[in-house]
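J.: Sequence first, then the predicted structure:
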Amino acid sequence: MVAPHQIITAHFPHLTEKQITEFAKLNGIYEKLNQMVNLISRKDFENFYTHHVLHSLALAKCFDFPAANKVIDIGTGGGFPGIPLAIMFPEVQFFLVDSIGKKIRAVQEVADILNLQNVTALNSRTEALNIKCDIAVARAVAPMLSLWNWMEGHWLQKPQFYLLKGGDLAEEMNELLTEKRGVKFQQFQISDYFDFPFFETKKAIKVTGN
């Protein structure tokens with residue numbers, strides 16, 4: 001019988017044994033926490049590795065996460081995409097942020113169980129934080145303009161967002177361009193990397209500014 005986490009190792013064949021073990025443990029950790037805090041829809045839990053872990057790791061297929069960079073996960077919810085990315089990039093520092101206390105406490109517990117030294121879980125709104133980062137990631141949290149505004153003053157360098165989005169994004173992109181001239185977009189179809197029906201309308205978007 002194929003172990004559920006092997007969907008990850010099939011798409012990322014160069015993982016270390018430590019990373020494979022961490023990804024394998026995620027299902028059991030989340031299954032237990034999900035009984036106390038609704039981190040993932042219970043109806044969707046059977047798709048945990050495809051819809052949540054693999055979806056998060058689409059950003060690893062499309063974009064670079066240089067060592068020593070600081071990355072903020074805006075509205076991390078149950079820890080996606082931040083937790084899978086933190087496993088994938090142990091030399092990158094991740095700040096997982098959410099305004100809902102019970103969710104961020106659960107995310108901290110995931111990080112503690114796995115001993116992820118590169119994860120900091122913060123119960124806050126992004127705009128209220130006193131940190132600066134190189135990259136911001138988010139998964140279907142808010143429109144691009146809102147994300148951009150929340151990150152004002154929180155950049156170490158130029159704005160750089162890696163976003164997981166779905167559907168028609170033309171209106172959302174135009175809204176940001178109207179307000180913030182000079183913004184640039186790169187768009188990737190996740191179905192080009194992962195051959196599952198779930199990803200047919202899913203996109204990874206890079207948004208950069210001057």
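T.: Now that the structure is in, tell me what you want to look at.

J.: C-alpha only now, for contacts and for neighbours.
T.: OK.

J.: ok, the residue lying closest to Glu179 once chain neighbours are set aside - contacts?
T.: Of all residues beyond its chain neighbours, the one nearest Glu179 is Leu145 (7.9 Å), with distances taken as C-alpha to C-alpha, 6 or more residues apart in numbering. Applying C-alpha atoms under 8 Å, 6 or more residues apart in numbering, we find Leu145 in contact with Glu172, Glu175, Leu176, Glu179.

J.: Could you pull up phi and psi at the first one?
T.: When read as degrees, to the nearest 10, the backbone of Glu172 gives phi -60, psi -40.

J.: and it, how far is that from Phe45?
T.: Distance of Glu172 to Phe45, computed by C-alpha to C-alpha, to the nearest Å: 30 Å.

J.: Those two - which one has more neighbours?
T.: Set Glu172 next to Phe45 and count neighbours by other C-alpha atoms under 10 Å: Phe45 wins out with 17 against 13.

J.: Spatially nearest residue to that one (excluding sequence neighbours)?
T.: In space, and not counting its chain neighbours, Phe45 is closest to Glu31: 7.9 Å by C-alpha to C-alpha, 6+ apart.

J.: Next, count neighbours for the one you found.
T.: When neighbours are counted by other C-alpha under 10 Å, Glu31 registers 16.

J.: Unless I misread the structure, the residue nearest to Glu179 falls within a helix.
T.: Yes - according to DSSP: H, G, I helix; E, B strand; the rest coil, Leu145 belongs to a helix.

J.: For this structure, which segments count as helices?
T.: Taking DSSP state H as the criterion, the chain carries its helices at 6-11, 17-34, 55-62, 82-88, 101-114, 144-150, 170-179.
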